[in-house]
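K.L.:
3D, please:
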Amino acid sequence: MSIKKMALLVSSGLVFFLVASIVINTMVVTRKKEKEMVSSKITFEIHPDKMVSSYNFVEITENKEEVEEKKDEVVEDTKKEIIIVENTPAEVNDAVYVGKMTGYGADCIGCSGVGALACRAADGSRHTLTENGEYYNDATYGTVRIVAAALDQFPCGTIVKVDHPALGSFYAVVMDTGGSMRNAWANGLVWMDLAFKTESDPDIYATTSSNTTYSVQRWGW
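P.N.:
Now for the predicted structure:
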């Protein structure tokens, strides 16, 4: 073999070696970049109930719109858990009495005929049974019934929760008084009188009870 042919073969080998090296280096760099891209998109799922944690590679595919939708769902679920109840404060039961209840109308014997009450309303206005009725709209407890009681023990504006054997449970505000209520207290008995517009109201006869429970929720205005 001549020297010229040998030189040509060596040159060809060197060229092949250089090309192969470039191709291999390119493949290594490309593979390294692919690994870096994958590693930037993985999350780890850890199982706390096992001694050795296992890992699952998960590609993150959530877009901005999906994230916003999930935030809205969380807010909506929170709203559902919030329940707003108006005019029903928590029951206090500051003092509990068991006593008597009767009913009276604006035209009862000895009454004014218009049902003028001994107490003024919280805003200082006058309330009469014939004009305003036997209900009072309290700022805290909402619509409540009006009762008469011994004002030296239950001052004007006192709220009681009444548990009556026939009438059930309801809230009432003390806005009137009477000699019978004061005398009963002096003899160790609690007596309250449920107000009506008129003595002819048929429901007035259902109020008479000697086993009514009065739970004081608020003392006076």
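K.L.:
Heading C-terminal from the lowest-mean-pLDDT helix or strand in the chain, find the next helix or strand.
P.N.:
In the chain, no helix or strand scores lower on mean pLDDT, DSSP states H and E than helix 64-81, which sits at a mean of 50. Later in the chain than helix 64-81, the nearest helix or strand by DSSP states H and E is strand 95-105.
K.L.:
Parallel or antiparallel, list what pairs with that next one.
P.N.:
Sheet pairing of strand 95-105 (DSSP bridges) gives strand 191-196 (parallel), strand 209-218 (antiparallel).
K.L.:
Contacts for stretch 150-158, please.
P.N.:
118-120, 122, 149, 160, 173-175, 177, 181-182, 184-185, 191, 216, 218-221 (C-beta atoms under 8 Å, 6 or more residues apart in numbering). To be clear about C-beta, it is placed using only N, CA and C from the backbone, and glycine gets the same treatment.
K.L.:
A139 and W221: what is the separation?
P.N.:
Applying C-beta to C-beta, to the nearest Å, the value for A139 to W221 is 10 Å.
K.L.:
who has more neighbours, those two?
P.N.:
Neighbours around A139 and W221, counted as other C-beta atoms under 10 Å, are more numerous at W221. The numbers are 17 against 9.
K.L.:
What residues does the more buried one make contact with?
P.N.:
122, 155-157.
K.L.:
So which of those sit within strands?
P.N.:
Among these, no member falls in strands (DSSP state E).
K.L.:
Report the two of these separated the most.
P.N.:
In these, the most distant members under the criterion C-beta to C-beta are A122 and P155, with 12.3 Å between them.
K.L.:
out of these two, which sits in the busier spot?
P.N.:
Per other C-beta under 10 Å, whichever of A122 and P155 has more neighbours is A122, with 17 against 14.
K.L.:
isn't that one right up against A139?
P.N.:
Yes. With contact defined as C-beta atoms under 8 Å, A122 reaches A139; the gap is 6.6 Å.
K.L.:
just to revisit the earlier point, okay if I get the strands paired with strand 95-105 as TSV plus mean pLDDT and distance to Y104?
P.N.:
Converted to TSV, the strands paired with strand 95-105 look like this (pLDDT from 0 to 100; distance: least, C-beta to C-beta, whole Å):
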stretch	mean pLDDT	distance to Y104
strand 191-196	98	5
strand 209-218	98	14
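K.L.:
Please report the distance of V190 from G124.
P.N.:
28 Å.
K.L.:
So which of those two has more stuff around it?
P.N.:
The residue with more neighbours, out of V190 and G124 and counting by other C-beta under 10 Å, is V190; that gives 20 against 7.
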